[in-house]
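In: sequence and computational prediction follow.
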Amino acid sequence: MNCSRFCLAATAVLLFLGIGGCSEDKKSQPAPKAGSAEMKTVDVTIGVVAPLTGPQSHIGKDLENAVRLAAEDANAAKISVGGSVLKFQIMAEDDQADPKMAPVVAQKLADARVNAVVGHFNSGTTIPASKIYSDAGIPQISPSATNPKYTEQGFRTAFRVVANDNQQGKVVGEYIAKDLKSKALAIIDDRTAYGQGVADVVQKSATAAGTKVVAREYTTDKSTDFKAILTKIKSRKPDVIFFGGIDTQAGPMLKQMKSLGISAQYVGADGIQSTELFKLGGDAVEGTLASFPGLPLDRMPQGKSFGERYRTKWNQDVVLYAPQGYDAFNVFIEAMKKAGSTEPAKFLPELARIDYGGITGPIRFDEKGDIKDGPITMFKAVGGKWVPVATIGGPAPAAEKK
Amino acid sequence: MDILLQQLINGITLGSIYALVALGYTMVYGIVGLINFAHGELVMVGALTALSVIQALMTSGLGLPPAVIVLAGLLVAVPVCMLLAYAMERIAYRPLRGAPRLAPLITAIGVSIVLQNLAMLVWGRSYFSFPGVVNVTTYSVGGAAVTDQQIVIVLLAAALMAGLLVVVHRTRLGLAMRATAENSTVAGLMGVDANRVIVAAFLLGAALAAIAGLMVSAYYGIAHYYMGFMLGLKAFTAAVLGGIGNLAGAMLGGLLLGVIESLGAGYIGDLTGDVLGSNYQDVFAFFVLILVLTIRPSGLLGERISERA
């Protein structure tokens, strides 16, 4: 009896040690300079964090794909900085769109001493993670977080390559009031930092422009049942319904709106403006409007060719923020080149004053870390595709058609 | 109050689905004394299996009519769920037949986690959209919108519940189930094979769960590997509300919970002056659970399938 218990315990301990040993992540340590003929190489690890699993995984994977493509391109180009050729590696982490997971994952990247981070995707995760990257001195560019708070915290390492919700929400609110001439606006948000933030700005700017808000309802970013709140909204007879949230909720919401016989115009922000919305909502999506803090893919300076290369490599279309992710990665490379070093402390000042022509357009940051002159585009869902209907702001347009 | 009718209609539809799932919980508890927390996962597996079949048939280009496609999905999902339930019973629960109550309870939670992760491996982690197989037509009744989908769900659920009651009260198997629920040892002495009866309870519950799964994913338009968790908890609450172990109780509890949730989510903003919003919709189920357990633990209809000595 004693022996078998002891043996059992010993086996358990050995198993744990074994499992623990086996699951060691491949950490990136600056490898000894691999000698290939005369060129020295330096390992550069860029972290990318997004929801790789769960309801928003299609958007997260899209970002990871873009960054991997960028790394491949960069490695093929054999970029040399400070006399050594850069060898890029990606450390992709999953934050599950959960504000509680974000700091954990961020700490993991900080401990691995990555050179820079492209991430996170959601505002709700980017904001808590930014503190950790700031403390570790790791530059961070978010390709998609639009909540203004991210850059208002005053971290020198926080940047974004998209316009923020103060601009996006304002554009949407004014569009609803002036272009859609809405008299009765209903607003739903998913209570995340992003959804709530953009909905509040839309409410403010639509009200200021003369629209009356007749209902304000809430849901969560995991719900699938919206019948109760849609029924309540229906009774207030809105002509426009704005939803601050992600396509995973918007799809079923549109379907349920249709079955309840609600004919109001549906408007959303960048969270719903993905190619996945058409799969999630079917033909209930037709006619939906959505904003995006950037240019349409085929109006970006190199958008079309990026779209094709992405499609060839990953066998699917760009979902949402892939071009921004690609540019974020390359902005880091540009800063490293300008500073002549891959060390964060050295290229961070260059990052702040970068002037880079990316595939999404010119990228320059203001003193808070927001992109300067970020354009906002309004899209309409027509025939299973997003068609741009208006572009507001942005740098002086080159051959822009309205 | 013009939305009252609409909220009621939504609530009754939702409640019918809860009732179907709650029946599975209540039957198993009545006969074995075990709360099968993995039952919600059976609903999920049913939904995802039916979804896969429906998607495959739609893209196969065979041009089958929508009703046939849905039926095919159902015909595959029900046996799969029944098989899964049988496996659950044989592998996880039967060995613990005589063990103290805590062991099967924890095992049930474990089975639930295993099934969620298996589903994640098989179907992936993304949310699947239920394809628009059947066109949904909306009728206007007294200012409220009723879809033919809702009518089908309520009628089908009612028919299934009636069928189950017939089985339990009018067939030999039902007699055996009630006898085993009352006293399994004496029932054994009377020639009732307890194992067969228990397996039958699991299989019946699983069949209902599979159909409920298809209903849920069609009604909300979405299915994913984690959908069974919340639904299972709410159906369990519904079973407790009606009186766990009591079939009519499960049906009543389910309907009631659906209506409470629907009305609650619709009116909570008005009632609390917008302090609490409709994002607290899920809270109602658990609030009800707490109330029931504190005030009337035996549930609304009280007695079980049969009285225990």
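Out: Perfect, I can see it now.
In: make it CA atoms for all contacts and neighbour counts henceforth
Out: OK.
In: ranges for the strands of the stretch 101-250 of chain A?
Out: Counting by DSSP state E, counting those that start in this stretch, residue ranges of the strands within the stretch 101-250 of chain A are A:116-119, A:140-142, A:158-160, A:184-189, A:212-218, A:240-244.
In: B:Gly163 is nearest to which of these?
Out: strand A:212-218 (39.3 Å; CA to CA).
In: just checking: what are the partner strands of the closest one?
Out: Strand A:212-218 has its sheet partners listed here by DSSP bridges as strand A:184-189 (parallel).
In: contacts only, for the nearest residue to B:Val197 once chain neighbours are set aside.
Out: Using CA to CA, 6 or more residues apart in numbering or on different chains and skipping residues adjacent in sequence, the residue nearest B:Val197 is B:Met177, 5.7 Å away. If you count contacts by CA atoms under 8 Å, 6 or more residues apart in numbering or on different chains, B:Met177 has them with B:31, B:168, B:197-198, B:201.
In: in what helix or strand does B:Met177 lie?
Out: Following DSSP states H and E, one finds B:Met177 within helix B:172-182.
In: which SS state does B:Ser140 fall under?
Out: Secondary structure state of B:Ser140, per DSSP: H, G, I helix; E, B strand; the rest coil, is strand.
In: from what I can see it touches B:Val146, true?
Out: Yes - in this structure, B:Ser140 is within contact of B:Val146 by CA atoms under 8 Å, at 6.2 Å.
In: who's more crowded, those two?
Out: Counted by other CA atoms under 10 Å in any protein chain shown, B:Ser140 and B:Val146 do not tie: B:Val146 has more neighbours, with 21 against 11.
In: surely that one touches A:Lys258?
Out: No - using CA under 8 Å, B:Val146 is not in contact with A:Lys258, being 11.4 Å away.
In: quick check: the gap between the residue of the stretch 151-300 of chain A found nearest chain B and A:Gly195.
Out: Proximity of the stretch 151-300 of chain A to chain B (CA to the nearest CA) peaks at A:Thr219, 4.1 Å away. Shown here: A:Thr219 relative to A:Gly195, a distance of 10 Å by CA to CA, to the nearest Å.
In: pull up the overlap in contacts between the two.
Out: A:Asp189.
In: more neighbours: which of these two?
Out: A:Gly195 (28 against 22).
In: which residue is the nearest non-sequential neighbour of A:Ala71?
Out: Using CA to CA, 6+ apart, the nearest residue to A:Ala71 is A:Phe88, at 5.8 Å.
In: Three-state assignment for the one you found, please.
Out: Three-state assignment for A:Phe88 (three-state DSSP): strand.
In: do the same with the one 3 residues further on
Out: Of the three states, A:Met91 takes strand under three-state DSSP.
In: now the one 5 residues further on
Out: For A:Gln96, the reduced secondary structure class is coil; criterion used: three-state DSSP.
In: hang on, it packs against A:Leu52?
Out: Yes - assessed by CA under 8 Å, A:Gln96 is found in contact with A:Leu52 at 6.4 Å.
In: the nearest residue to A:Thr377 once chain neighbours are set aside in helix, strand or coil?
Out: Leaving aside its sequence neighbours, A:Thr377 sits nearest to A:Thr391 (CA to CA, 6+ apart; 4.3 Å). Three-state call for A:Thr391 (three-state DSSP): strand.
In: wait, isn't A:Thr391 in contact with A:Arg299?
Out: No - A:Thr391 lies out of contact with A:Arg299 (CA under 8 Å); the separation is 10.5 Å.
In: between the two, tell me which one has more neighbours.
Out: The residue with more neighbours, out of A:Thr391 and A:Arg299, is A:Thr391; 22 against 19, by other CA under 10 Å.
In: which elements pack onto the host helix or strand of B:Leu71?
Out: Using DSSP H and E, B:Leu71 sits in helix B:66-88. Other helices and strands packing on helix B:66-88, by 3 or more CA pairs under 8 Å, 6 or more residues apart in numbering or on different chains; DSSP states H and E, are helix B:39-59, helix B:194-220.
In: at 10 Å what do you get?
Out: Applying 3 or more CA pairs under 10 Å, 6 or more residues apart in numbering or on different chains; DSSP states H and E, we find helix B:66-88 packed against helix B:39-59, helix B:102-123, helix B:194-220.
In: now the ones you listed in TSV, with mean pLDDT?
Out: Formatted as TSV, the helices and strands packed on helix B:66-88 follow (pLDDT from 0 to 100):
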stretch	mean pLDDT
helix B:39-59	93
helix B:102-123	93
helix B:194-220	94
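In: export those helices to a markdown table and tack on mean neighbour count?
Out: Output for the helices and strands packed on helix B:66-88, formatted as a markdown table (neighbours: other CA atoms under 10 Å in any protein chain shown):
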| stretch | mean neighbour count |
| --- | --- |
| helix B:39-59 | 25 |
| helix B:102-123 | 17 |
| helix B:194-220 | 24 |
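In: quick one: closest of those helices to B:Leu233.
Out: Of all these, it is helix B:39-59 that lies closest to B:Leu233, at 7.5 Å by CA to CA.
In: helix B:102-123 and that closest one, what's the angle between them?
Out: 20 degrees (axes from the mean of the first three to the mean of the last three CA atoms, to 10 degrees).
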